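In: no sequence on this one, just coordinates:
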C-alpha cells in the first residue's frame, strides 16, 4: 500500500488530502472568501493559508486516522498559481517531508485535476475540459503528454464569471460561480453577448468588458434583471466551451468527456455538455464540488501516480513556479 | 530569536546579516533546506545567501535598494516563522518513530 499526503494552495483554497491506493482517506479544505466586489490578492491569500495550514494538516491526519509514520510520500503543488500562496504551502510540505523523513513530489496543479477526475469517475481516456478561475483548457492524452488542444487566449472562464460577480456585487460566499449559477436559474430573458471562439481557442475578456459596460445601464433602466445577466453570461460562456470540447473530440475520435476544475461543478455546464455528448453517443464524466474545486487529495492522487513510477523531487529542485503548463509534464504512469 | 544585525552603507549598497539559533543541528538543516529552494524575485537586485553554523541559520542580504531589502527581509522572516511553527507542531512524532 502506498499512502500519499497532498498539499494544495495555488489560489484561494488551501487543502490537504490523504490518498491510499485510490481511496481518499481525508480531504479537509478552507477557502479565503473576500467581501462582495473584491477579488483575492496574493499577499492576503497567502496570509489566510498561513493562518490555517497547520490546523488543516492536523485535521487531515486525524480524519484519516494516520500517524506521520504511515505516510510514504509528501506531494505538493509546484505550480501553476499565485506565487505567495504556493510558497506558503510548499514551505510546510518541505518541512514535514524532512521532519518525517519522507520523499517529496512536486505536482503540476492541472495534472492533479485530471488524475483526480479520472480516479473518481473511472473515465479511461477522456477528452478533458479543465475550467477554473485560473485555467481554461481542452486537453487530450497522447504519447505520454496531456496535450492542450484548445485554451483561452486571455482570461479563464472562471475569472470572467468571478469578475462579473464583482461588478454587480454578488457574494463570494461560498463562491461567486455558485451564486451566479443559482441566480441564472431565475433568468427569463436572454441578452445577446459577444461569442468568441477562435478555432480551438476561446476568448473571454471581450465578453467581460462588454457586460461590465452594459450591466449597470441595463439594470438601472430596468431592461433586464441581474438574474437575466447571470443566465445570459452562463449560456454564452458554456456554449463556447461545449463547442471547443466537441471539436477536440472529433479530432481525437474520443467518446468520453471529463469536466474538471472549479467551474466544472456547475450543473448547467454539465447539462449542456451532456446534451452534446448524447448527440454524439459519447459519455460525460463529471464530479461534484468536493473533487472539482481545488483540494489536497487531487495533489495526493497525482503524486501517488508519480511516486509509484519512481519520481521524486529533491529539496533543492522543489522551487515553486507561477507558470507551469500541463504539457510540460511527462506522463510516465499511462500507456 | 536572537539576531546580530550589521547595517553598512557604502556605494549605495545595503548589507544585512542575521543569525537565528535553533535547538539542534537537525532543525537548522531542515530550516535551511525548506527556505533555500526558491530564488529571490529577479527585479530588485537583492541577493540573499543562506548558510549554517553549528546550530544557527545565517542569512546574508546584499541589496541595491533599501526598499527591496526590506521586502525581502520581511517575507523571509514570515517564511522562517512558518517553518519554525511547523517544526514545533509536527516535529515530535518523527523523533518518536526514529
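Out: Nice, I can see it. Note that the coordinates shown come from a computational prediction; the quantities given were computed from them, not determined experimentally.
In: rest of the way, CA atoms for contacts and neighbours
Out: Fine.
In: how far out from the middle of the chain is stretch B:85-93?
Out: Its chain's average C-alpha position is 18 Å from that of stretch B:85-93, according to C-alpha atoms, centre = their mean, to the nearest Å.
In: Would that stretch count as contacting chain A?
Out: Yes - Stretch B:85-93 comes into contact with chain A (C-alpha under 8 Å from any C-alpha of the partner chain), by way of B:86-87, B:89-91, B:93.
In: in that stretch, what's buried?
Out: Across stretch B:85-93, burial judged by 16 or more other C-alpha atoms under 10 Å in any protein chain shown covers B:86-87, B:90-91.
In: same thing with stretch A:53-64?
Out: Going by neighbour count (16+ other C-alpha under 10 Å), the buried part of stretch A:53-64 is A:53-54, A:56-57, A:59-61, A:64.
In: JSON lines please, covering the residues you listed and showing distance to chain B, pLDDT and secondary structure.
Out: Below are those laid out as JSON lines (distance: C-alpha to the nearest C-alpha, whole Å; pLDDT from 0 to 100; DSSP: H, G, I helix; E, B strand; the rest coil):
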{"residue": "A:53", "distance to chain B": "9", "pLDDT": "98", "secondary structure": "helix"}
{"residue": "A:54", "distance to chain B": "7", "pLDDT": "98", "secondary structure": "helix"}
{"residue": "A:56", "distance to chain B": "12", "pLDDT": "98", "secondary structure": "helix"}
{"residue": "A:57", "distance to chain B": "9", "pLDDT": "98", "secondary structure": "helix"}
{"residue": "A:59", "distance to chain B": "13", "pLDDT": "98", "secondary structure": "helix"}
{"residue": "A:60", "distance to chain B": "13", "pLDDT": "98", "secondary structure": "helix"}
{"residue": "A:61", "distance to chain B": "11", "pLDDT": "98", "secondary structure": "helix"}
{"residue": "A:64", "distance to chain B": "16", "pLDDT": "98", "secondary structure": "helix"}
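In: Just the pLDDT for the residue nearest the centre of chain A.
Out: When C-alpha atoms, centre = their mean is applied to chain A, the residue found nearest the centroid is residue A:261 (2.8 Å). For residue A:261, the pLDDT comes out at 98.
In: With the one 10 residues further on instead?
Out: The pLDDT attached to residue A:271 in the predicted structure is 98.
In: now what about whichever strand or helix holds it, what contacts it?
Out: Mapping residue A:271 onto the secondary structure by DSSP states H and E places it in helix A:267-280. Outside of helix A:267-280, the residues within contact range by C-alpha atoms under 8 Å, 6 or more residues apart in numbering or on different chains are A:181, A:238-239, A:242, A:246, A:255, A:257, A:259, A:264, A:283-284, A:286.
In: After that helix, heading C-terminal, what element do we hit next?
Out: Note on helix A:267-280: by DSSP H and E, the next helix or strand toward the C-terminus is strand A:283-286.
In: Which strands and helices lie in contact with that following strand?
Out: When contacts are defined as 3 or more C-alpha pairs under 8 Å, 6 or more residues apart in numbering or on different chains; DSSP states H and E, strand A:283-286 sits against helix A:109-121, strand A:256-260, helix A:267-280.
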